[in-house]
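Engineer: Dropping the sequence and predicted coords here.
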Amino acid sequence: MERNYNTISPSAMSLLLMKGMTPIPYARQAAELMSYPEQYIPDYDRKEFIFWARLAHFENRYASIDQLLEDIPAKNILELSSGFSFRGLDAVKKRDVYYIDTDLPDLISTKINFVTTLQQGDFETKGTLETLPLNALDEEQFTSIVNRFPPGELVIVNEGLLMYLGDEEKKKLLGIIHKVLKERGGYWITADIYLKGKLKIKLDDKLQQFFDQHRIEDNKFDSFEAAEAFFNEAGFVIDKVAEPDPTKTTALEYLLKTATPEQLAEGRKIGKISATWRLKVK
């Protein structure tokens, strides 16, 4: 039976409502659009440690990709499984890039309306943005979208994709990306190097059900060394590892207010749960 990847998309909606509480570009405006006709009123008095821990993580994850984009001449950027992230909209406003933003059809149809609304008024762009549907495991569709870019190296970006894919699906995706980058040159920046067994905080029932449904814990890597070996086997090497500063995340202030000394101690004990890597073809 063919897997229905569209069941992943509701998580992107709830994540947007969280990110609306951060300075991530266009997150607040998009959260307001998502909430309409109800008013979007973020609650900064929330006391749940798990909420602020997750938000700090996602804010930090977003920044980690920006960090790895900063020091390379990225003119052509393809984002996979972008959800309700508007990195592409922010990019074309600031610089001359050709950015193609993709996700599954159900989500993209909604996102296109958001992008159109966010561009109203005196919105001026220096680059080109396309927002297109793509199942990243469909090689024919993937290649068709890559062919829309002007000549030159390509940077592929993703956050929040690999943990939804089993090993065989991961290998298929790595094969597609390797073939594309072998032909065009460039990089793959992925924020999805998550480790198994590191999530020690208790999730609410709805979130736990979502994790179980998509086998998210099973789809993580056993270790950073195992992850590196997995990518090496597919023909990739690590070019650079992101080192963002978690103290710069706005959610950290609220996390520290709500956390008990025991929770903070446990967090330090657990250590690093994920990484963002910039990869290139061997």
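Structural biologist: Structure received.

Engineer: List the beta-bridge partners for Val241.
Structural biologist: Counting by DSSP bridges, Val241 forms beta bridges with Trp277.

Engineer: Give me the local confidence score for it.
Structural biologist: As predicted, Val241 sits at a pLDDT of 98.

Engineer: before we move on, what about Gln208?
Structural biologist: So Gln208 comes in at 68 (pLDDT).

Engineer: ok, now Ser11?
Structural biologist: On the pLDDT scale, Ser11 gets 73.

Engineer: lowest confidence element among the helices and strands of the protein?
Structural biologist: One helix or strand of the chain scores below all others by mean pLDDT, DSSP states H and E: helix 205-213, with a mean of 68.

Engineer: Only alpha carbons, please: show whichever helix or strand comes after that one as PDB.
Structural biologist: Moving toward the C-terminus from helix 205-213, the next helix or strand (DSSP states H and E) is helix 224-233. Only the C-alpha atoms of helix 224-233 are listed here, as PDB (Å, rounded to 0.1, in the frame of the first residue of the first chain):
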ATOM      1  CA  PHE A 224      26.400  10.900  15.000                       C
ATOM      2  CA  GLU A 225      29.100   8.400  13.900                       C
ATOM      3  CA  ALA A 226      26.400   6.000  12.500                       C
ATOM      4  CA  ALA A 227      24.700   9.000  10.700                       C
ATOM      5  CA  GLU A 228      28.000  10.000   9.200                       C
ATOM      6  CA  ALA A 229      28.700   6.400   8.000                       C
ATOM      7  CA  PHE A 230      25.100   6.300   6.500                       C
ATOM      8  CA  PHE A 231      25.800   9.500   4.400                       C
ATOM      9  CA  ASN A 232      29.300   8.300   3.600                       C
ATOM     10  CA  GLU A 233      28.000   5.100   2.100                       C
END
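
Engineer: Please state the offset of helix 224-233 from the chain centre?
Structural biologist: Distance, stretch centre to chain centre, for helix 224-233: 20 Å (Cα atoms, centre = their mean, to the nearest Å).

Engineer: Can you tell me what sits against it?
Structural biologist: Residues outside helix 224-233 that contact it (Cβ atoms under 8 Å, 6 or more residues apart in numbering): Lys170, Leu174, Ile193, Leu195, Phe221, Val237, Ile238, Ala275, Trp277, Leu279, Lys282. In short, each C-beta sits where N, CA and C put it, glycine included.

Engineer: May I see the buried residues of that helix?
Structural biologist: Counting neighbours by 16 or more other Cβ atoms under 10 Å, one finds that the buried residues in helix 224-233 are Phe224, Ala227, Glu228, Phe230, Phe231.

Engineer: Please tell me how far the closest residue to Ala27 other than its chain neighbours sits from Asp239.
Structural biologist: Sequence neighbours aside, Lys19 is the residue nearest to Ala27 in space, at 4.1 Å (criterion: Cβ to Cβ, 6 or more residues apart in numbering). Going from Lys19 to Asp239 by Cβ to Cβ, to the nearest Å gives 27 Å.

Engineer: Equivalent analysis for Pro246, please.
Structural biologist: Taken as Cβ to Cβ, the span from Pro246 to Asp239 is 22 Å.

Engineer: Glu59 contacts Met18, correct?
Structural biologist: No - contact criterion Cβ atoms under 8 Å: Glu59 and Met18 do not qualify, at 9.2 Å.

Engineer: When the two are compared, which one has more neighbours?
Structural biologist: Higher neighbour count among Glu59 and Met18: Glu59, with 24 against 18, using other Cβ atoms under 10 Å.

Engineer: Ala53: neighbour count?
Structural biologist: When neighbours are counted by other Cβ under 10 Å, Ala53 registers 19.

Engineer: what's the offset of the strand or helix carrying it from the middle of its chain?
Structural biologist: Using DSSP H and E, Ala53 sits in helix 49-70. Relative to its chain's centre, helix 49-70 lies at 9 Å (Cα atoms, centre = their mean).

Engineer: now swap in stretch 136-151 and tell me
Structural biologist: Here stretch 136-151 is found 19 Å from its chain centre; the criterion is Cα atoms, centre = their mean.

Engineer: got it, and stretch 266-277?
Structural biologist: The gap between where stretch 266-277 is centred and where its chain is centred comes out at 17 Å by Cα atoms, centre = their mean.

Engineer: tell me the phi and psi of Glu124?
Structural biologist: When read as degrees, to the nearest 10, the backbone of Glu124 gives phi -120, psi 140.

Engineer: Looks like it contacts Lys93 (just checking).
Structural biologist: Yes - using Cβ under 8 Å, Glu124 is in contact with Lys93, at 7.3 Å.
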